[in-house]
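Colleague: build me a model:
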Amino acid sequence: MASATLYIDVECYGPLFCPDGLVINDPDSDPIEILGWTDITSDIRTSIPVTYSHGNPNNDIEARVADEGVLRLAFDNSEGNSAGLAGLYSPDHTNADECFVQNQPIRIRIIYNTVTFYEWRGSISSITPSPDSYGERITWVEAKDFMRYFYETDFTNVNIQIDKRDDELLTTLIAQLPRQPEALDLDTGNDQYSYSFHDEINGTSHIITVIQKMMMSGLGKFFVRGGTTYSETLTYINRQNILAPGTPVAALDNNMVGLELVRDESSLVSKVKVTTYPVQIDSADVILWQLNNPIQIDPGTPKIITMTLRDPNGRATNIAALSLVAPVADTDYKFSSVSGSGNDLNADLDFSYSDGTYSIDVTLTNNSTKVGYLWYFFPRGKGVYLYEPVPTSKFTGQAFGKTLSIDMPYQDDEIVGTSIASLYSGWFTVAKSNITSCKIIGNKSDELMTAALTVQPGDYVTIKETQTGIDTGFIVNGIDKELIPLSSGVMVNATWYLCQAQIVTGFILDTSILDTDLLGVS
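Modeller: Here you go, the predicted structure:
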C-alpha cells in the first residue's frame, strides 16, 4: 500500500520568525507580519472526504476549456479544533479566525515519497457554518480555482486584435483579470488570426466566452494545472501538441477500479461540417454611428456616451471598428451654445474614445465657460463586418449518423476549414467506443499513486483493459479527486475524464504553408 500525507493551507498574514524561532518585532516592539501559507489540516473533519476538480469533465468537440474547478471540505467548528474555540470557522462569530474569509486563498498539497505535489489552488467562495451549539458543529467550505476569474470577468475595453496567435490573445485577456496566476505555460499558437475579438459586444459577455471561441478556432485546449513547483499554472496546449502528445504521462494496465465505456450514437458521424468566418474591412473611412438628439455638456464636466456601431450598408448586425478617425470640426461634429444649430464652440470640445469593439465609450469635455450642445456628430472609421460564413463539409463514409459541426469564429481562411474537415472526417470512418472516464485508487501501488498525483488536465495517458478490449491512448480533459483522511496518511481516489487521442504526427496548419499530403487538401 502506498501512503501519502495531506496538507491544507490558507494564505494569511503571520509573524516573521528569525532562524532561532523567535518572533521578529519592528522598532515599536510590534510583531512583523508577512503573507504566507498556514497549515490548517488538523481542523478538517476527517469523517468527511475532501473533494476537488479541475479541467473539463466532457469529451465532445467543444470541451476545450476548463470549467471552474471546485474544492469542497468541512472544518471542525467546535471546541475540538486547533484553537479550542467554538465558532472559529463562523465568519460572524466573535471567535472567528480573521484568515478565514471569502476570497481567501486556499490550496491542497500532498507529500508522497518526499515529493510535494501542489494539487489544487483557489479562493474560498462560500462558507456555511451549521447552526446549533449541540449539533454537528461543522463549517462547510467551497472554493473555486483560477478559472473563476475568466467566468466572472466581463470582456470589456479590449480592441480588435490583428494578426495574433492564441497565446498572444490569451496574454491580452489574462492581463484584464483582477489577479494574475502563479505561473503560465502557453504553447505558441498554430494559427495567426487576421482579426479576432471583432464579434464581441463589450460588457455583455465574459472572458471565458472569448477563450472558448479561440480554442474552437485553433482546436487547442486551455486548463489550470497543479504540479511539483506551482499549484496554479494556466496552460494552453496547441493543436499540434494535442495531436502529437509524445510519451504518455501514465500507463494503466488492468489496474483501474472503474472504466466508463459505451458505444452509442456519439460515434455515428456521417458528415463533418467546419465553418470559417471571413471578414470584410472598409477600404476608406465611413460613418459608423450618428447622434440623433442634441447632448448638453456642462463646462469642465466630462460626459460619457456609448456608441453602438452600425453597418452603413445595413447588412451586419454586429460590427466593430478597426480604427476611428479623430473627429473633424464641421465635417464630423458641430458644437454650439445653441441647441440644434451653430458651431461657435467647436474649438472647445475634446473627444476621447475608449478601447472596445461593438460598443465604444466617447468621453466629451467642454473646455469653454458656457453650456454647450453637441447636436451634430457622425463619427467615421473603418468597420469590420461579418457577413456570410463559409461552411465546408466532408463525408466520413458512415452510411448513417449525425453531422459533427465545428465552428471556428476567428478562422477566416476557407483552406483551414477544408483541412480540418478532412482530418476529422478521417477519424469517423467507422464507429468507435466512447470512453468517458477512468477511476484509480492511488494507494494500491506506487505506480498508481504516482499516476494519481502526477496526471493533470491535458496530459496524455494510455489505458489497457482486457474485458472491454480497450488498449489505446487518451487525453485527460478533466479530473475529480476524493481524499479520505486515514489514521496514517490519506486515501487518494482519482477519476480522469477522457477523450480518445487522435495522433497525427507532424500536423501543422498555416495559412501560407500547408502540408497537403497530411491534410488531403486538393
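Colleague: mind listing the helices for the stretch 201-350 of the chain?
Modeller: Remark: helices assigned in the stretch 201-350 of the chain by DSSP state H, counting those that start in this stretch are 207-218, 239-243.
Colleague: any idea which helix or strand carries Thr450?
Modeller: Using DSSP states H and E, Thr450 sits in helix 446-454.
Colleague: in its sheet, what does the helix or strand following that helix sit against?
Modeller: Reading on from helix 446-454 to the C-terminus, the next helix or strand found by DSSP H and E is strand 460-465. If you go by DSSP bridges, strand 460-465 pairs up with strand 250-253 (parallel), strand 470-485 (antiparallel).
Colleague: now the longest one, how far from the centre of its chain.
Modeller: Put plainly, it is strand 470-485. Here the centre of strand 470-485 is set off from its chain's centre by 20 Å, with CA atoms, centre = their mean, to the nearest Å.
Colleague: can you check the shortest one too?
Modeller: A distance of 29 Å separates the C-alpha centroid of strand 250-253 from that of its chain, computed with CA atoms, centre = their mean.
Colleague: for it, the averaged confidence score.
Modeller: Mean pLDDT, computed over strand 250-253, is 97.
Colleague: what residues does it touch?
Modeller: For strand 250-253, the external contacting residues (CB atoms under 8 Å, 6 or more residues apart in numbering) are Cys438, Ile440, Thr450, Ala451, Thr454, Val455, Asp459, Val461, Thr462, Ile463, Lys464, Glu465. Every C-beta, even on glycine, is put in place using the N, C-alpha and C of the backbone.
Colleague: of those residues, just say which sits nearest to Lys370.
Modeller: Asp459 (67.3 Å; CB to CB).
Colleague: show me the contacts for the closest residue to the closest one other than its chain neighbours.
Modeller: Nearest residue to Asp459, sequence neighbours excluded (CB to CB, 6 or more residues apart in numbering): Val249, at 4.3 Å. Val249 makes contact with Ala451, Thr454, Val455, Gln456, Asp459, Tyr460, Val461 under the criterion CB under 8 Å, 6+ apart.
Colleague: count the residues that sit near the last one.
Modeller: Applying other CB atoms under 10 Å, we find 20 residues neighbouring Val461.
Colleague: for it, give its distance to Gly489.
Modeller: When distance is defined by CB to CB, to the nearest Å, Val461 is 24 Å away from Gly489.
Colleague: what do you get for the fourth one?
Modeller: Distance of Gln456 to Gly489, given as CB to CB: 22 Å.
Colleague: next one: the fifth one
Modeller: Asp459 sits 24 Å away from Gly489 when distances are taken as CB to CB.
Colleague: between these two, tell me which one has more neighbours.
Modeller: More neighbours surround Asp459 than the other of Asp459 and Gly489, with 21 against 18 (other CB under 10 Å).
Colleague: hang on, that one packs against Gly478?
Modeller: No - with contact defined as CB atoms under 8 Å, Asp459 does not reach Gly478; the gap is 11.3 Å.
Colleague: check contacts around the residue nearest to Arg64 when sequence neighbours are not counted.
Modeller: Distances taken as CB to CB, 6+ apart put Met215 closest to Arg64, at 3.8 Å, once the chain neighbours are dropped. By CB under 8 Å, 6+ apart, the residues touching Met215 are Arg64, Val65, Asp166, Lys221, Phe222.
Colleague: check what pLDDT the fourth one gets.
Modeller: At Lys221, the pLDDT value in this model is 97.
Colleague: before we move on, what about the first one?
Modeller: Model confidence at Arg64, expressed as pLDDT, equals 96.
Colleague: can you give me the neighbour number for it?
Modeller: Arg64 has 23 neighbours, counted by other CB under 10 Å.
Colleague: again, but for the third one
Modeller: The criterion is other CB under 10 Å. On that basis, Asp166 has 28 neighbouring residues.
Colleague: would you confirm that it contacts Leu219?
Modeller: No - judged on CB under 8 Å, Asp166 makes no contact with Leu219 at a distance of 9.8 Å.
Colleague: tell me where the stretch 101-250 of the chain has strands.
Modeller: Along the stretch 101-250 of the chain, counting by DSSP state E, counting those that start in this stretch, strands occupy 105-112, 115-129, 138-145, 161-164, 183-186, 193-196, 221-225, 233-237, 250-253.
Colleague: got TSV for the contacts of strand 250-253, with pLDDT and distance to Glu119 too?
Modeller: Below are the contacts of strand 250-253 laid out as TSV (pLDDT from 0 to 100; distance: CB to CB, whole Å):
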residue	pLDDT	distance to Glu119
Cys438	97	18
Ile440	97	15
Thr450	97	13
Ala451	97	13
Thr454	97	10
Val455	98	11
Asp459	96	14
Val461	96	17
Thr462	96	23
Ile463	96	22
Lys464	95	26
Glu465	95	26
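Colleague: and the two most separated of those?
Modeller: Of all pairs drawn from those, the greatest distance, 20.4 Å, lies between Thr454 and Glu465 (CB to CB).
Colleague: residues in contact with Leu170?
Modeller: With contact set as CB under 8 Å, 6+ apart, Leu170 has these partners: Leu186, Ile211, Met214, Phe222, Leu234, Tyr236.
Colleague: count the neighbours of the second one for me.
Modeller: As a burial measure, the neighbour count of Ile211 was computed by other CB under 10 Å and equals 24.
Colleague: what pLDDT does it get?
Modeller: 97.
Colleague: next one: the first one
Modeller: Residue-level confidence at Leu186 comes out at 98, pLDDT.
Colleague: show me the contacts for it.
Modeller: Applying CB under 8 Å, 6+ apart to Leu186 gives the contacts Asp166, Asp167, Leu170, Thr171, Leu234, Thr235, Tyr236.
Colleague: recalculate using a threshold of 6 Å.
Modeller: Asp167, Leu170, Tyr236 (CB atoms under 6 Å, 6 or more residues apart in numbering).
Colleague: these two touch, right, the last one and Phe223?
Modeller: It stands for Tyr236. No - applying CB atoms under 6 Å as the test, Tyr236 and Phe223 come out as separate, 8.3 Å apart.
Colleague: now for the two: what residues contact both?
Modeller: When CB under 6 Å, 6+ apart defines a contact, no residue borders Tyr236 and Phe223 alike.
Colleague: what's the spacing between Glu182 and Arg107?
Modeller: Relative to Arg107, and taking CB to CB, Glu182 is found at 10 Å.
Colleague: out of the two, which sits in the busier spot?
Modeller: Taking other CB under 10 Å, Glu182 and Arg107 do not tie; Arg107 has more neighbours (23 against 16).
Colleague: so that one makes contact with Glu119?
Modeller: No - assessed by CB under 6 Å, Arg107 is found out of contact with Glu119, at 7.8 Å.
Colleague: what do these two both touch?
Modeller: Counting by CB under 6 Å, 6+ apart, Arg107 and Glu119 have no common neighbour.
Colleague: worst-scoring helix or strand of this protein, pLDDT-wise?
Modeller: Least confident element among the helices and strands of the chain, by mean pLDDT, DSSP states H and E: helix 516-519 (a mean of 37).
Colleague: who's in contact with Ser196?
Modeller: When contacts are counted by CB under 6 Å, 6+ apart, Ser196 touches Gln161, Leu169, Tyr410.
Colleague: show me what contacts the closest residue to the last one other than its chain neighbours?
Modeller: Using CB to CB, 6+ apart and skipping the chain neighbours, the partner closest in space to Tyr410 is Ser217 (3.9 Å). Counting by CB under 6 Å, 6+ apart, Ser217 makes contact with Met408, Pro409, Tyr410, Gln411.
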